[in-house]
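A.B. asks: could you work out the structure for the sequence below:
(one chain, ligands or ions: 1)
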Amino acid sequence: MTTTTVAFDLDGTLVSEWSAPRTVALPGAVSALRWCRQRGYRVVLYSWNTEATCLWRLRAAGIPPGLFDAVLAVPLKTATVFDRVLGPLLADGPLVVVGNSWRHDVVPALGRADAIVWTRGGRAPGVMGTPPDTWRYPVRRPRSVATLPRVLPVALADGYDKAAWLPYRRAVLEPEACAAGAGGDQWGRPTLFDRLASSESVSPWPWDDARQGDGRARSG
Ligand SMILES: [Mg+2]
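C.D. replies: Numbering: from 1, shown residues only. Below is the predicted model:
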């Protein structure tokens with residue numbers, strides 16, 4: 001039996017951008033999450049925020065944190081972090097990435113995720129790493145998550161040549177800080193999927209605890 005995992009970005013995908021004056025749920029966000037759960041998908045939040053920031057932004061937007069099986073808070077969204085945090089989930093079945101940032105959501109998923117849904121929003125070509133020829137990529141490009149129930153099954157069914165697209169992941173540089181966090185066994189699968197209340201569930205980086213509660217969201 002396989003389990004399909006859908007990894008959602010937060011800012012600009014499920015809720016308003018971090019720079020917006022108010023944190024609100026984007027249209028269709030809650031219904032898309034509920035649809036995933038009804039399909040039996042494993043739903044995870046994969047965000048470039050601290051766990052504390054993720055949770056307060058979800059609550060501020062009226063999105064129940066209980067809709068997620070896990071909140072995976074990461075300090076960076078690079079190919080290395082992707083492999084370490086989301087990569088192991090591929091052992092259970094297909095992995096879908098849903099996000100609005102080309103640089104942080106799409107690129108690290110190329111050649112690894114089985115389907116990539118770029119909820120492009122206002123990200124025009126040339127903005128924040130978005131290439132001018134997004135149509136060439138094996139990426140679904142709905143304006144928002146509202147159409148996910150229609151887009152996601154088709155993307156999974158169609159698939160794409162993952163091996164051919166793997167080299168395109170290099171667009172995001174890997175800072176030294178990322179390499180310094182490599183190794184160790186803090187990524188053990190069982191703790192990743194403890195419930196949200198567990199203090200061990202979502203603190204994958206040693207220095208993440210120090211940032212808890214700083215209230216600042218990051219772009220991505
Ligand atoms: Mg985002």
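A.B. asks: how far away is the spatially most distant residue from the centre of the chain from P88?
C.D. replies: When each C-alpha in the chain is compared with the mean C-alpha position (C-alpha atoms, centre = their mean), M1 comes out farthest, at 23.7 Å. Distance of M1 to P88, computed by C-beta to C-beta, to the nearest Å: 17 Å. All C-beta spots, glycine's among them, are computed from the backbone N, C-alpha and C.
A.B. asks: so R103 makes contact with G129?
C.D. replies: Yes. If you go by C-beta atoms under 8 Å, R103 and G129 touch, sitting 3.2 Å apart.
A.B. asks: ok, these two, which is more surrounded?
C.D. replies: Neighbours were counted for R103 and for G129 using other C-beta atoms under 10 Å; R103 has more, 19 against 14.
A.B. asks: how about the residues of this structure by the ion?
C.D. replies: Contact residues, the chain versus the ion (C-beta under 5 Å from the ion): D9, D11, G12, N100, S101, G220.
A.B. asks: 6 Å instead, please
C.D. replies: Counting by C-beta under 6 Å from the ion, the residues of the chain close to the ion are D9, D11, G12, T13, G99, N100, S101, G220.
A.B. asks: what about the second one, how many residues nearby?
C.D. replies: I take that to be D11. By the criterion of other C-beta under 10 Å, D11 has 27 neighbours.
A.B. asks: surely Y41 meets T2?
C.D. replies: No. Counting by C-beta under 8 Å, Y41 stays clear of T2, with 10.9 Å between them.
A.B. asks: if you count what's nearby, which of those two comes out ahead?
C.D. replies: A count of neighbours by other C-beta under 10 Å puts Y41 above the other of Y41 and T2, at 19 against 8.
A.B. asks: V6 and R42, how far apart?
C.D. replies: From V6 to R42 the distance is 7 Å (C-beta to C-beta).
A.B. asks: SS state for L152?
C.D. replies: Per DSSP: H, G, I helix; E, B strand; the rest coil, the local secondary structure of L152 is helix.
A.B. asks: leaving out chain neighbours, which residue sits closest to G159?
C.D. replies: D114 (6.6 Å; C-beta to C-beta, 6 or more residues apart in numbering).
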